[in-house]
Every structure is written in C-alpha cells, then in structure tokens.
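Undergrad: with the input below, show me the fold.
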Amino acid sequence: MRKTDFLIFLSIVLLVYFLINSYIIHRADSALKYNQTLRTIFLIALILLILAYPLGRLLQNFFQNILVDFMLFTGALYMGMMVYFFLLVLIIDLFRLINSFAPIFPSFILNNPVKTVQITFWIVLALVVGTTVIGHINALFPRIRNLEIQVNKPGSQLRELTVVAMSDIHLGTIVRNSTLEKLVEKVNALHPDLILLPGDIVDEDVSSVMEQNMAASLRRLKAPYGVFAVTGNHEYFGGIQKSVDYIQEGNVKVLQDSAVRIGDAFYLIGRKDLTGKSFGDLRKPLNQIMDGIDKNFPLILMDHQPFHLDEAEQNGIDLQLSGHTHHGQLFPFNLITNKVYEKSWGYLRKGETQYYISCGVGTWGPPIRIGNRPEIIQIKLEFMEIIYDKKQREEI
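TA: Numbering: from 1, shown residues only. Now for the predicted structure:
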C-alpha cells in the first residue's frame, strides 16, 4: 500500500472518529447543562477516553510501557462504547425530530423536560456501560463449536480426522499472551489431529507479539499432523514477511499459495490473502495453486476472506475454512456483513464443496463482542471408506 493511500485512509478514519465524538460530546453537554459539576467531570472523562487510543498509538511508536498499554486498552474499549453512545443518541434525536412534526411523546415526558433529560442521560449511560461490560466478558470466553462433516472421498487408510481451527486471533497489544496461553490450553485439550489458523493471527505491528514472546506459546500447540496457517489482511498491515517469519518461529507452517499432502491421506491448500494486491503481492488463481494435485484425495482449503466462494467449488475443494468477517463483532454491524458476504458466519454447502466461515476467536479494535460468541472450531471429518473387491482384499 502506498504511503499516500495510507495517509488518506488514516485521515478519513480520524475525521469520522472525531466527528462522531463531537456529536456525542455536544449531546452530553446539552444533557448535563443543569448539573455543572457532573457536566465537568463527565466531559473531562469522555475527552480522555476519546483521546486515549489515538494518543496511545502515537506513543507506541516511541516506547512501550504499562501506561501506553492501558491507554490502548481503555481507548479500544471506549470505541465500542462510542458505537452505542452514537446509536442511542441518534435514535433519541430521530424521535425528537419526529415529535416536532407529529407529536408522539406522552405528557409526562413533556411536562418536566429537565427531569426527562436527566433520566434519559442515566438510562443511556447505564445501557452503554452495561453492554460494554457484557460484551467484554463475552469476548473473554470463546465456545467450542462442534461440526461433523462428511467428505465423499477416501482418505487412503484414514477414516476420521479431528481438525481444530482458530481464525482472527489478532495477537498484539489488546489480545495479549495470557489470552493466547488460555487458547492453546483449550485447543490442546481437544486432542486435535490437525490445527489450522485461517488468518489474522497477529493484529498489526508484530513487535508487540515478539516482545511478549508469543512464538513460545504457539510452539505449545500440539497435533500429530502439524499446525498450519494462512495470512490474513492484518499480517500485511503489520509487515507481511516479518509477520510470517515470526509465526513460523512458533512451529506454525504458513502456506502461501501452496499445498501440502499430509499423511498420504489428504491435501491442505493455503492461499495468500486478497489484501496482498494492495501491497504488490498478487496471489495465484486457485487452479494454478492446485496444478499437479490429485483431486481424488480430500482437499481442504484455507482462504482468510470468504469472497468468490464459487472458485473453491469449481476446483473440487471439499472443505473451505475462512474467517475475517467477525460477523460484524458488534451488533448491528452483522447486518452489514450479512449483505457484504455470501455467508457472514456459519456452515454453507455449494454442490460437493462445504464451507465454514468462522466469526473468529479474538477481537479487532474494541475487546467486545455483541451478537456473536467467539469460537474455536472442532471439526470431525469423516472420509469415505475404501471399498475393495475380492481380488484387492486377497492382495492386501
């Protein structure tokens, strides 16, 4: 991505961020004008929260300490609060606008406007804080999502395969090594045959991941057939080669437009992320990656972003695993992801190709999840039994 493109994008993001927060500050100021002490305290706290994340990111470029980590965490938490402050205040203002044209408010609201404003303020604050706390707790406790998938191909002598997958961990300043260690314990407790990480393992700059020695935690992941990953968009944001090199230090094999035959029973194929195009790293078409692959074997594909799902079907893929969407992460953004993607979250079948798009196990931005549960996916894959004729059985 060119530096000018990044600066334009960053400028737009900051402009939107501060415009939204200006609206929130203006409405909070209006609601608290009858209580000057509370008004001063609340607005100072609000401004500090608004500035925490951008200032933390700026300071992070010069030094890393507990204060910077605290600023980043509280600032990220506030970004989730900001979403719900904005939505609730916007809904209130829309009702006020409607009421100015067609009165709909009952008399007990109109007869005492000062009390109404004060009660409304506390209701909004309680809803936002309550939602944030619940969403953060939800984000801390991923569930195990169990799937049973049958593949209509023999896996040589292998009849069953337990695959455990985690997408979108987003390791870094917010999702720290203590969280990764808990995820490793959960995954290992499932006794997987194969562990897959379909992208966005690291969040952005891999420096924080390196400082916390997360490769040591990744090395604790154990599976007889190994641990494999593909790149996501965030590996590119953090520096693709640096990210891949460090992930592989954790004994995780990163497949980049490549395939490997495992146990002489099935193929695992991994694609580069679509974001590579913006960084001058074009990925190969899937049919080129699969050139020379024996399609009589079961074919498992990892592709981080669930776009162009027909491509997997056209190339005879049996199972595709993707992530990226977070299923919006915060309601009501799932309404958007449902429109953007053919499948935002869950299981899908197209012909003989089966897909699972995970909502992810980590968080990006706000350490909050509303409207979905973070998940570790456990897939029991069943392969078709090889049927031998009498002569073949005798030879065996």
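Undergrad: so residue 269 sits in a strand?
TA: Yes - counting by DSSP: H, G, I helix; E, B strand; the rest coil, residue 269 is part of a strand.
Undergrad: can you pull up the bridge partners for it?
TA: residue 259, residue 301 (DSSP bridges).
Undergrad: what's the neighbour count on it?
TA: 23 (other Cβ atoms under 10 Å). Bear in mind the C-beta positions are built from the backbone N, C-alpha and C, glycine included.
Undergrad: one more: residue 145?
TA: Neighbours around residue 145, by other Cβ under 10 Å: 18.
Undergrad: can you check residue 216 too?
TA: 13.
Undergrad: tell me the secondary structure for it?
TA: Assignment for residue 216 (three-state DSSP): helix.
Undergrad: residues in contact with it?
TA: residue 250 (Cβ atoms under 8 Å, 6 or more residues apart in numbering).
Undergrad: so how far is residue 252 from it?
TA: Separation of residue 216 from residue 252 (Cβ to Cβ, to the nearest Å) stands at 12 Å.
Undergrad: domains in this protein, as residue ranges please.
TA: 3-138, 143-384 (automatic domain parsing).
Undergrad: and the shortest one, how far out from the chain middle?
TA: The one in question is domain 3-138. 24 Å (Cα atoms, centre = their mean, to the nearest Å).
Undergrad: how about the contacts made by residue 266?
TA: Counting by Cβ under 8 Å, 6+ apart, residue 266 has contacts 155, 158, 161, 297, 298, 299, 300, 383.
Undergrad: worst mean pLDDT among the domains of the chain?
TA: Lowest mean pLDDT within these: domain 3-138, at a mean of 92.
Undergrad: hang on, the earlier thing: tell me which of the contacts of residue 266 fall in helices.
TA: Of the positions in the contacts of residue 266, not one sits in helices, assigned by DSSP state H.
Undergrad: in the residues you listed, find the pair that's most separated.
TA: Spatially, the most separated pair among the contacts of residue 266 is 158 and 299, at 14.0 Å (Cβ to Cβ).
Undergrad: check the gap between the closest residue to residue 207 other than its chain neighbours and residue 384 for me.
TA: The shortest distance from residue 207 to any non-neighbouring residue, by Cβ to Cβ, 6 or more residues apart in numbering, is to residue 64 (7.9 Å). Counting by Cβ to Cβ, the separation of residue 64 from residue 384 is 52 Å.
Undergrad: contact partners for residue 181?
TA: 217, 220.
Undergrad: helix, strand or coil for it?
TA: helix.
Undergrad: separation between it and residue 367?
TA: For residue 181, the distance to residue 367 - Cβ to Cβ - is 17 Å.
Undergrad: repeat that for residue 24.
TA: 20 Å.
Undergrad: for residue 222, same thing?
TA: In terms of Cβ to Cβ, residue 222 sits 28 Å off from residue 367.
Undergrad: ok, the two, which is more surrounded?
TA: residue 367 (21 against 14).
Undergrad: was I right to think the more buried one contacts residue 138?
TA: No - between residue 367 and residue 138 there is no contact under Cβ atoms under 8 Å: 10.1 Å.
Undergrad: what residues sit buried inside stretch 188-198?
TA: 190, 192, 193, 194, 195, 196, 197, 198 (16 or more other Cβ atoms under 10 Å).
Undergrad: can you give the contact residues for it?
TA: By Cβ under 8 Å, 6+ apart, stretch 188-198 touches 144, 161-167, 169, 187, 220-230, 232, 252, 262, 268, 300, 302-304, 321-323, 358, 376, 378.
Undergrad: just the ones of these in helices?
TA: Filtering the contacts of stretch 188-198 for helices - DSSP H - leaves residue 187.
Undergrad: only the buried subset of the contacts of stretch 188-198, as a PyMOL command please.
TA: Applying 16+ other Cβ under 10 Å to the contacts of stretch 188-198 leaves a buried subset, and the PyMOL line that selects it is:
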select buried, resi 161+162+163+164+165+166+167+169+187+221+223+225+226+227+228+229+230+232+252+262+268+300+302+303+304+321+322+323+358+376+378
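Undergrad: what about the strands in the protein?
TA: Along the chain, counting by DSSP state E, strands occupy 143-154, 160-165, 194-198, 227-230, 253-254, 258-262, 266-270, 299-302, 319-322, 346-350, 353-357, 375-384.
Undergrad: direction included, what does the fifth one pair up with?
TA: Meaning strand 253-254. strand 227-230 (parallel).
Undergrad: and the contacts of stretch 86-102?
TA: 20, 23, 24, 27, 104, 105, 120, 124, 127, 128, 332.
Undergrad: pretty sure the third one sits against residue 46.
TA: Right, the one you point to is residue 24. Yes - distance between residue 24 and residue 46: 7.3 Å, which falls inside the contact criterion (Cβ under 8 Å).
Undergrad: returning to that earlier point: want to try TSV for the contacts of residue 266, with distance to residue 240 as columns?
TA: Shown next, in TSV, are the contacts of residue 266 (distance: Cβ to Cβ, whole Å):
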residue	distance to residue 240
155	33
158	33
161	30
297	30
298	29
299	25
300	23
383	34
